[in-house]
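[1] Sequence plus the predicted model coming up.
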Amino acid sequence: MKKVQIPADIKAYVNRKVIKKIICWALLTLGIVLLITLYGEKCFHRLDDTTKHIIYTLLALSPVYILKMYRLIDKSWCGELVDIEIRYTTDSNRGFKPTLETLYTKETVIFHVKVGDKIIKRKAYENAAKNSNISSCYRKGDFVAHIYGTDYIQIINEKAENVICVVCGLSTPGNFEECHSCHHTLKINVEE
């Protein structure tokens, strides 16, 4: 089975991202527990004990969902791209009261990748639909890799015209060694 070799700068980026997320989670949870301790009884004094404990538990667990801590349960993998699903939806640049001027067509690309004997379904990226989008870079049968803690999936092909940065998602010419946007290593190697 093939294994992804993760460049040192991307390992460092992922480690910083994970540590930052854990610290934010700990501080937010501590803040919520402190607020519950100080003001919980004042706010929920009319409720019975069981209901109060359910509310306190949900409040204490809310940072897990707010900060998307479940994304830390991830791993690096590589495999063959067996299907590409592209969805087009209408979205807006404004979250509050969108207007016709702020509407655009959003392209979401979902990969079905065969890793070992499993098929992994993973969102590759999502962006405004344009003729120059990176979805045209991907083909069924390509060998792709995902690195733990990153958001984008990269095609592993020495002859690829463009390479997708696993950190920022920018499409860069295949002969570049590092992304010209975030300056992380572009080429991800896979070993047997």
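    That came in fine, so what should we check first?

[2] Give the pairing partners of the lengthiest strand in the chain; include direction for each.
    Longest strand in the chain, counting residues (DSSP state E): strand 77-92. Using DSSP bridges, the strands paired with strand 77-92 in its sheet are strand 103-115 (antiparallel), strand 143-146 (antiparallel).

[3] who's in contact with the last one?
    Think strand 143-146. Outside of strand 143-146, the residues within contact range by C-beta atoms under 8 Å, 6 or more residues apart in numbering are 4, 76-81, 111, 113, 122, 138, 153-157, 166, 188, 190. For glycine as for every other residue, the C-beta is placed from the backbone atoms N, C-alpha and C.

[4] and with 10 Å instead?
    With contact meaning C-beta atoms under 10 Å, 6 or more residues apart in numbering, strand 143-146 is reached by 2-6, 74-81, 111, 113, 115, 120, 122, 124, 138, 152-157, 164, 166, 188-190.

[5] What subset of those is buried?
    Neighbour counting with 16 or more other C-beta atoms under 10 Å marks 4, 6, 76-79, 81, 111, 113, 115, 124, 138, 152-156, 164, 166, 188 as buried within these.

[6] returning to that earlier point: check the offset of the longest strand of the chain from the chain's centre.
    13 Å (C-alpha atoms, centre = their mean, to the nearest Å).

[7] Just the CA trace of it, in CSV.
    Taking Å, rounded to 0.1, in the frame of the first residue of the first chain, the C-alpha atoms of strand 77-92 are listed here in CSV:
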residue,chain,number,x,y,z
TRP,A,77,-4.3,8.9,2.4
CYS,A,78,-3.7,8.4,-1.2
GLY,A,79,-5.6,6.5,-3.9
GLU,A,80,-7.2,6.3,-7.3
LEU,A,81,-9.8,8.9,-8.3
VAL,A,82,-12.8,6.7,-9.4
ASP,A,83,-15.5,9.4,-9.7
ILE,A,84,-15.8,13.2,-9.8
GLU,A,85,-19.1,14.7,-8.7
ILE,A,86,-19.7,18.3,-9.5
ARG,A,87,-22.6,20.3,-8.0
TYR,A,88,-23.7,23.7,-9.0
THR,A,89,-25.7,25.8,-6.6
THR,A,90,-26.6,29.5,-6.2
ASP,A,91,-24.9,31.3,-3.4
SER,A,92,-24.4,34.9,-2.3
